[in-house]
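> no sequence on this one, just coordinates:
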């Protein structure tokens, strides 16, 4: 069962109080900036993790401004679409609402557990004019390689500030390229099931307050652990990518 840290109480609580009961995930975006993208990404991860556990989820976006721009940015970041209006929730009988919001706005949302997200700081590098959280211009820079941005954000616990710069994104892009090449190579070998221990470690990581850095660590261990067939490494990455959404199998069929 996925448990999340409720910022209201400081205690872990079930993200879905009843298995297979509808849970509403509400992302609260306060502006058009990198931190808003992290809020949307965290909501997306909650949705994916709950669905992997068999819980139906209904997601909405609450944003006073810039909804079209946020939706477009979210789509580029492989974030699933949000519903148009929270009014649609009436009559759906959801068992719980979970709010995802930047940490300094955690007291402004309605009833239900609060998943607080730390800010994103952008350091553009020497000679650049823009500063941290510099709105649409920074978003355009960050989204020039959406998958690398997604990986860079997944690698930082959501409760910690994410400090990004060009070097960080370049390293994330290189890491992602290495993963995709490896997955494409493993796919050429006979398929094997995900090892039970690896599957349990993956689920334990993401069900523990969405510990995505730990999920990535399990994948790195599986990639190098002796005794795991390449076909099982491939299936492990495909399984984990249902949550990560990094398109790890993108290079299947490419020349070796």
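Received the coordinates, thanks. Quantities reported herein were computed from a predicted structural model and do not represent experimental measurements.
> Return the helix or strand in this protein with minimum mean pLDDT.
With mean pLDDT, DSSP states H and E as the measure, the helix or strand of the chain carrying the lowest mean pLDDT is helix 135-142 (a mean of 83).
> ok, residues contacting that helix?
The list of residues contacting helix 135-142 from outside it, by CB atoms under 8 Å, 6 or more residues apart in numbering, reads 31-34, 37, 69, 73, 122, 124, 130, 132, 149, 164, 169. No exception for glycine: its C-beta is placed from N, CA and C like everyone else's.
> which residue packs closest to the spatially most central residue of the chain, ignoring adjacent ones?
The central residue of the chain, meaning the one whose C-alpha is nearest the mean C-alpha position (CA atoms, centre = their mean), is residue 45 at 4.1 Å. In space, and not counting its chain neighbours, residue 45 is closest to residue 210: 5.6 Å by CB to CB, 6 or more residues apart in numbering.
> Is that neighbour in a helix, a strand, or coil?
In three-state terms, and counting by DSSP: H, G, I helix; E, B strand; the rest coil, residue 210 is coil.
> still on that earlier bit, in strands, which of the contacts of helix 135-142 appear?
Assigned to strands by DSSP state E, the following of these qualify: 122, 164.
> residue ranges with poor pLDDT in the stretch 151-256 of the chain?
Counting by pLDDT under 70, the stretch 151-256 of the chain shows low-confidence ranges at 256.
> List phi and psi for the closest residue to residue 103 other than its chain neighbours.
Using CB to CB, 6+ apart and skipping residues adjacent in sequence, the residue nearest residue 103 is residue 116, 4.2 Å away. As for residue 116, its main-chain torsions (degrees, to the nearest 10) stand at phi -90, psi 140.
> mind listing what residue 116 touches?
Listed by CB under 8 Å, 6+ apart, the contact set of residue 116 reads 7, 101, 102, 103, 106, 159.
> redo that, cut-off 6 Å
Residue 116 makes contact with 7, 103, 106, according to CB atoms under 6 Å, 6 or more residues apart in numbering.
> Repeat that for residue 241.
For residue 241, the contacting residues are residue 248, taking CB under 6 Å, 6+ apart as the criterion.
> Can you tell me how far it is from residue 211?
Relative to residue 211, residue 241 is positioned 17 Å away (CB to CB, to the nearest Å).
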